[in-house]
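Asks: turn this into a structure:
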Amino acid sequence: MAGPVLVFDSGVGGLSVVAALRRRLPGTALAYACDNAMLPYGVREDDWLVRRILAVCEAAVAASACSGLVVACNTASTLALEVLRARLSVPVVGTVPAIKPAAGASRTRHIGLLATSATVARPYTARLIRDFAGDCRVTRLAADPLVGEAERLVMGQAPEVETLRRVLAPLAEWPDLDTLVLGCTHFPLLREPLAEAVPHPVRWVDSGDAIARRAGQVIASPQRRPAPEFGWVTAPTPALARGLAGFGFAETRRLAPT
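Replies: Just a heads-up that it's a prediction; the model follows:
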């Protein structure tokens with residue numbers, strides 16, 4: 001029997017993609033893996049990260065016996081996607097910021113990219129903007145504190161409203177910015193509190209549904225529900241186990257990459 005679709009992220013951000021997969025592929029069994037022992041990835045050296053991502057994903061693919069891997073992490077996708085595809089025997093789906101759909105949706109031709117410092121600064125992001133939003137003004141806004149706020153939310157704590165307001169405050173300088181890309185998979189988990197904290201109304205765009213659609217296209221005959229759905233984590237905690245259970249992963253197991 002085919003295995004589940006495995007979703008990988010450095011932390012809980014990939015759970016926003018899990019939610020999109022459950023909506024688009026409701027009969028598909030899922031597994032989740034996160035390298036929370038090394039969170040956040042964005043502050044680490046690229047070469048080290050490639051080795052670590054490969055080790056964690058190889059261990060998670062073996063442990064879950066998955067039928068395909070969704071890399072629900074912008075940092076991991078931009079650094080290690082090709083290496084993962086070369087080393088793993090299952091299909092691998094990556095993540096990129098939703099620049100193209102945002103450019104298509106904007107009426108004012110001024111869009112924003114809310115992402116981690118690493119994603120904002122990467123040449124890969126600049127190429128996406130050049131290729132898919134060449135006729136738009138794209139304002140990039142580093143929002144690293146939102147990663148921690150999303151982690152807090154999943155683990156049962158309310159996000160700090162003042163932190164959200166502080167991160168989004170620069171948007172007040174650009175009242176014509178009408179579309180905002182949530183360029184980190186952590187950020188859609190905060191969609192409602194972000195909407196309350198933004199200085200003026202914007203259209204929110206993320207890549208979750210596109211990732212889920214692509215997974216359905218390239219991962220053949222995954223395991224069907226009902227089936228045991230496990231979360232695999234590198235640093236188990238009771239709070240994380242409860243958070244994963246809220247997304248359908250009733251049992252959390254320790255992952256030990258080599």
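
Asks: could you pick out the longest helix of the chain?
Replies: Of all the segments of type helix in the chain, defined by DSSP state H, the longest one is helix 46-64.

Asks: residues contacting the nearest residue to Ala227 once chain neighbours are set aside?
Replies: Among residues not flanking Ala227 along the chain, Ala29 sits closest, at 4.1 Å (CB to CB, 6 or more residues apart in numbering). C-beta here means a position set from N, CA and C on the backbone, and glycine is covered the same way. Residues near Ala29 by CB atoms under 8 Å, 6 or more residues apart in numbering: 3-5, 222-227, 229.

Asks: so how far is the longest helix of the chain off the chain centroid?
Replies: From the chain centre to the centre of helix 46-64 is a distance of 16 Å (CA atoms, centre = their mean, to the nearest Å).

Asks: residues in contact with that helix?
Replies: Outside helix 46-64, the residues that reach it (CB under 8 Å, 6+ apart) are 3-4, 6, 8, 31, 33, 35, 38, 41, 44, 66, 69, 71, 75-76, 79-80, 83-84, 87-88, 90, 230, 232, 234, 253, 255-258.

Asks: can you show me the helices along the chain?
Replies: Using DSSP H, helices in the chain cover 15-24, 46-64, 74-87, 99-105, 117-121, 123-132, 145-154, 161-168, 191-197, 208-218, 238-245.

Asks: picking that back up, just the buried subset of the contacts of helix 46-64, written out for PyMOL, thanks.
Replies: In PyMOL, this line selects whichever of those come out buried by 16 or more other CB atoms under 10 Å:
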select buried, resi 3+4+6+8+31+33+35+38+41+66+69+71+75+76+79+80+84+88+90+230+232+234+253+255+257
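
Asks: in a markdown table, list the helices of the chain along with distance to Val138.
Replies: Below are the helices of the chain laid out as a markdown table (distance: least, CB to CB, whole Å):
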| stretch | distance to Val138 |
| --- | --- |
| helix 15-24 | 22 |
| helix 46-64 | 23 |
| helix 74-87 | 16 |
| helix 99-105 | 7 |
| helix 117-121 | 11 |
| helix 123-132 | 5 |
| helix 145-154 | 19 |
| helix 161-168 | 17 |
| helix 191-197 | 19 |
| helix 208-218 | 18 |
| helix 238-245 | 33 |
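
Asks: deepest-packed of the ones you listed, please.
Replies: Mean neighbours per residue, mean count of other CB atoms under 10 Å, is largest over the helices of the chain for helix 15-24, with a mean of 22.

Asks: sorry, back to before: strands - which of the contacts of Ala29 land there?
Replies: When those are checked against strands (DSSP state E), the matches are Val5.

Asks: which of the contacts of Ala29 are buried, as a ChimeraX select command?
Replies: The ChimeraX selection below is limited to those of the contacts of Ala29 classed as buried (16+ other CB under 10 Å):
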select :3,4,5,222,223,225,229
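
Asks: can you tell me which of the contacts of Ala29 is nearest Val161?
Replies: Val161 has its nearest neighbour among these in Glu229, at 32.7 Å by CB to CB.
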